[in-house]
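Engineer: sequence first, predicted coordinates after that:
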Amino acid sequence: MELDPRVLAFLQEPHIAVLATRSPSGRPQATPVWYLYEDGLFLVNTRRGRAKLRNMQADPRVALTILDRHDPYRYVQVLGRVGRFDPHTGPHDIDRLSRRYTGQPWTYPPGDSPAQRVSVYIRPERVLAYGL
């Protein structure tokens, strides 16, 4: 999917995304996440055991709303599907995301470890921009 240059420029900035998933019972779940857009895919990272991971494994359909950190009325909405889960790149990717958002390497909190991290690659099917 080819994105508008304004959308691409917006996605290069470290805005916070809200990832929406649906549980097997149909209950919606939304979580703020760090993201990275590269090679036509959205990358997010999570820890094993999280509801969002279980939800995406059960139903790959997701929505991401990426809000401008300075103006929440400027945002990009992405409807897509999980293309793959990758536990092998999980530790590397959480570190890349941490550096993008904080400028620091990822520090594992209690209960988390490199073996727990999973990268999730989302293929966009529809991308809408507002206020860009």
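Structural biologist: It's in.
Engineer: you'd agree Tyr37 is in a helix?
Structural biologist: No: judged by DSSP: H, G, I helix; E, B strand; the rest coil, Tyr37 forms no part of a helix; its state is strand.
Engineer: looks like it contacts Leu11 (just checking).
Structural biologist: Yes: contact criterion Cβ atoms under 8 Å: Tyr37 and Leu11 qualify, at 4.3 Å. C-beta here means a position set from N, CA and C on the backbone, and glycine is covered the same way.
Engineer: how about the helices in the protein?
Structural biologist: 5-11, 51-58, 90-102 (DSSP state H).
Engineer: including mean neighbour count and distance to Pro24, could those helices go into a markdown table?
Structural biologist: Listed next are those as a markdown table, based on neighbours: other Cβ atoms under 10 Å; distance: least, Cβ to Cβ, whole Å:
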| stretch | mean neighbour count | distance to Pro24 |
| --- | --- | --- |
| helix 5-11 | 14 | 30 |
| helix 51-58 | 18 | 5 |
| helix 90-102 | 17 | 23 |
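Engineer: for Gly83, which of these is the nearest?
Structural biologist: helix 51-58 (10.7 Å; Cβ to Cβ).
Engineer: off-centre distance for that closest one?
Structural biologist: Relative to its chain's centre, helix 51-58 lies at 13 Å (Cα atoms, centre = their mean, to the nearest Å).
Engineer: try stretch 91-98
Structural biologist: For stretch 91-98, the distance to the chain centre is 12 Å (Cα atoms, centre = their mean).
Engineer: contact partners of that stretch?
Structural biologist: Identification of contacts with stretch 91-98 by Cβ atoms under 8 Å, 6 or more residues apart in numbering yields 34-36, 43, 45, 86, 104-107, 114-115, 117, 119.
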